[in-house]
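*Asks:* How does the following fold in three dimensions:
(chains A and B)
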Amino acid sequence: NAGVMQNPRHLVRRRGQEARLRCSPMKGHSHVYWYRQLPEEGLKFMVYLQKENIIDESGMPKERFSAEFPKEGPSILRIQQVVRGDSAAYFCASSPAPDGYTFGSGTRLTVV
Amino acid sequence: GENVEQHPSTLSVQEGDSAVIKCTYSDSASNYFPWYKQELGKRPQLIIDIRSNVGEKKDQRIAVTLNKTAKHFSLHITETQPEDSAVYFCAASRGGGNKLTFGTGTQLKVEL
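*Replies:* Residues are numbered from 1 along each chain as shown, chains lettered A, B, ... in the order given. Below is the predicted model:
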């Protein structure tokens, strides 16, 4: 079992560009969560998805951010028109059922 | 919403000593309390968790206690080793797929 796979590990974008972060959950896991971690801070919940459904997006900024988990393929976190404040580590986690989930290695986004 | 406070923010102990990290939460409906260990530049890893129907759980050198009345839970690490050095995060959730709310982290340093 390869674990939760996130790519890319590092992503550099210029201000105004789009960032796409991908997360492949562990085999058999149908619950996916995205968290953001600013430097030297804790993790902040962004969104919880199941296949083709957004269950809870209460942590998502109202603009520029979107997430999906299609029937086939990885979950995608998309950030449009990135700004310097979007620089952070973005972690995806998956679970076969609610609770007790496993985190991926994260994508470290740097906006220059 | 839920608010989780974690203390101390930094903790230095001598190898072989015990370390205790404390968290309080605000949402009386929270019933799932995991602890994560995060080494520099790596993903958070679940080290132990507890549900509200038990007061204490132990796994080798690690134990967690929960006081639901006081809305307080703690991580205890005995016989600390240098490899225990990392940032530790507590979290709370209502379970059933609800988001985790994380504390701000404790930087544990185990000195030789």
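*Asks:* My guess is B:Ala92 contacts B:Phe33. True?
*Replies:* Yes - using C-beta atoms under 8 Å, B:Ala92 is in contact with B:Phe33, at 5.5 Å. Any C-beta I mention is one placed from the backbone N, CA and C, and that applies to glycine too.
*Asks:* between these two, which one's more packed in?
*Replies:* Neighbours per residue, other C-beta atoms under 10 Å in any protein chain shown: of B:Ala92 and B:Phe33, the larger number sits with B:Ala92, 28 against 25.
*Asks:* hey, where'd the strands end up in chain B?
*Replies:* Using DSSP state E, the strands of chain B run over B:4-7, B:10-14, B:19-25, B:32-38, B:45-51, B:56-59, B:62-67, B:72-77, B:86-92, B:101-102, B:106-111.
*Asks:* what's the answer for chain A, then?
*Replies:* Here chain A has its strands, by DSSP E, at A:5-7, A:10-13, A:19-24, A:31-37, A:43-50, A:53-56, A:65-68, A:75-79, A:88-95, A:102-103, A:107-111.
*Asks:* list the helices and strands the fourth one packs on?
*Replies:* Put plainly, it is strand A:31-37. strand A:43-50, strand A:75-79, strand A:88-95 (3 or more C-beta pairs under 8 Å, 6 or more residues apart in numbering or on different chains; DSSP states H and E).
*Asks:* same check, this time on the third one
*Replies:* In this structure, strand A:19-24 makes packing contacts with strand A:5-7, strand A:10-13, strand A:75-79, strand A:88-95, strand A:107-111, judged by 3+ C-beta pairs under 8 Å, 6+ apart.
*Asks:* Can you tell me what sits against that strand?
*Replies:* By C-beta atoms under 8 Å, 6 or more residues apart in numbering or on different chains, the residues outside strand A:19-24 that reach it are A:4-8, A:11, A:13, A:32, A:34, A:74-79, A:82, A:86, A:90, A:92, A:94, A:104, A:107, A:109.
*Asks:* The last one now?
*Replies:* Contacting residues not belonging to strand A:107-111 are listed as A:6-15, A:19, A:21, A:79, A:82-90 [C-beta under 8 Å, 6+ apart].
*Asks:* 7 Å instead, please
*Replies:* A:6, A:8-13, A:15, A:19, A:21, A:82-84, A:86-90 (C-beta atoms under 7 Å, 6 or more residues apart in numbering or on different chains).
*Asks:* same deal with the second one?
*Replies:* Residues outside strand A:10-13 that contact it (C-beta under 7 Å, 6+ apart) are A:19, A:82, A:107-112.
*Asks:* Can you name the residues bridging to residue 110?
*Replies:* Unless you meant another one, I'm taking chain A. Beta-bridge partners recorded for A:Thr110 (DSSP bridges): A:Val12.
*Asks:* nope, chain B please
*Replies:* Assigned bridge partners for B:Val110, using DSSP bridges, are B:Val13.
*Asks:* I'd assumed B:Asp84 was in contact with it.
*Replies:* Yes - at 5.1 Å, B:Val110 counts as touching B:Asp84 under the criterion of C-beta atoms under 7 Å.
*Asks:* Around chain A, which positions in chain B sit nearby?
*Replies:* Residues of chain B lying near chain A by C-beta under 7 Å from any C-beta of the partner chain: B:32, B:42-44, B:46, B:49, B:89, B:95-97, B:99-100, B:102-105.
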